[in-house]
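Student: got a predicted structure plus its sequence, pasted below:
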Amino acid sequence: MMGVLASLPSWEVILLSVVLVALVSVATSLLIRRRMGPGPRERAGVTAAAYMTAVGSLFAILTGFLISSEYATLKEAQNSVGAEVSAASQLAYATGVLPPADAQRLQENLTAYLDALRSGEWPALAADAADRSTAVPAMRTLQQAVFEVANRPYVPGAASGTLQDAVNELTANRRQRVVISTGGLPFPLFALAVIAGLALIVNSLLVAARQGTRYSWVALGIMLAVALDLGAILTISAPFNGGFVVSTDPISELITELQKGEYLPWVTTR
């Protein structure tokens with residue numbers, strides 16, 4: 001369920017969160033006013049006011065931790081893409097000392113891998129099916145070609161080591177991205193944040209019912225804060241298919257450079 005919600009566009013997640021919280025708040029407010037007399041409402045309001053600070057602090061701590069944790073995961077996933085593009089660039093540069101046929105072959109395989117990464121990797125990671133990504137066979141082909149060429153006797157030792165190190169780094173960065181994709185938002189903590197948020201809303205409604213309608217604006221502000229915080233957590237919790245998706249722009253830029261022949265020293269680019 002959370003995965004489905006997190007995969008929606010960010011504005012839909014926020015809107016849905018606000019609507020659901022608003023419905024719960026309205027239903028709770030009507031229940032309080034219809035089922036509780038002035039006396040019980042007064043006593044409940046006093047008790048709720050005493051717990052407002054504790055419940056509010058609990059909600060703030062939980063949502064703050066979740067937002068920080070999920071944003072760090074999003075940044076880590078984006079950084080893995082940057083590191084992989086850097087390794088791919090290093091591999092492409094290293095082919096410059098190879099014979100044209102070998103350099104062309106490796107760069108074509110590298111371009112095919114990056115293209116498969118851009119088009120098929122994110123959907124596979126979002127579906128928790130990393131082994132079915134189109135990047136897997138493309139990576140295997142690239143690895144085989146790199147190790148075959150790097151071990152040929154006419155390839156300089158420095159270039160051979162650079163080629164193999166670069167493809168190994170490509171593999172390591174993809175593995176790190178796969179591990180990140182298997183993490184996900186911890187449901188128990190999110191459920192606890194939801195419960196704390198609802199408790200905070202109920203408390204604010206009880207206080208508003210005791211103090212009068214002029215305090216309803218305070219309850220409305222708390223309701224919006226709870227809805228926006230929960231929506232923000234969901235929005236950033238799916239880095240490969242959520243509201244904030246890891247950008248593939250660095251991959252696209254490198255593909256364009258490879259296709260233009262910028263890493264082939266005998267090709268003149270303008």
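Tutor: Nice, thanks for sending it over. Predicted model, so just to flag it, every value in this text is computed and none were measured.
Student: which residues touch Thr171?
Tutor: Met139, Gln143 (Cβ atoms under 8 Å, 6 or more residues apart in numbering). For every residue, glycine as well, the C-beta is placed using N, CA and C.
Student: same question but for Ala191, I mixed them up
Tutor: So Ala191 contacts nothing (Cβ under 8 Å, 6+ apart).
Student: which SSE is immediately downstream of the helix or strand containing it?
Tutor: If you go by DSSP states H and E, Ala191 is part of helix 187-211. Once the chain leaves helix 187-211, the next helix or strand it forms, by DSSP H and E, is helix 216-235.
Student: ok, Ala196 - how many residues close by?
Tutor: 21 (other Cβ atoms under 10 Å).
Student: got a list of what it touches?
Tutor: So Ala196 contacts Val55, Leu58, Phe59, Leu62 (Cβ under 8 Å, 6+ apart).
Student: the strands in the stretch 1-150 of the chain, which residues?
Tutor: In the stretch 1-150 of the chain, no segments count as strands under DSSP state E, counting those that start in this stretch.
Student: run through it and note the low-pLDDT ranges.
Tutor: 1-8, 35-42, 44-45 (pLDDT under 70).
Student: and Pro99, what are its phi and psi?
Tutor: Pro99 has phi and psi values of phi -60, psi 150 when expressed as degrees, to the nearest 10.
Student: which residues does it contact?
Tutor: Counting by Cβ under 8 Å, 6+ apart, the residues that Pro99 touches are Tyr154.
Student: same check on the one 5 residues further on?
Tutor: Contact partners of Gln104, counting by Cβ under 8 Å, 6+ apart, are Leu264.
Student: that one and Asn173: what is the separation?
Tutor: According to Cβ to Cβ, to the nearest Å, Gln104 and Asn173 sit 25 Å apart.
Student: ok, now Val81?
Tutor: Distance from Val81 to Asn173, by Cβ to Cβ: 8 Å.
Student: ditto for Gly242
Tutor: Taking Cβ to Cβ, one finds Gly242 at 21 Å from Asn173.
Student: next one: Gly261
Tutor: 25 Å.
Student: the two - which one has more neighbours?
Tutor: Using other Cβ under 10 Å, the more surrounded residue of Gly261 and Asn173 is Asn173, with 20 against 14.
Student: that'll do, ta.
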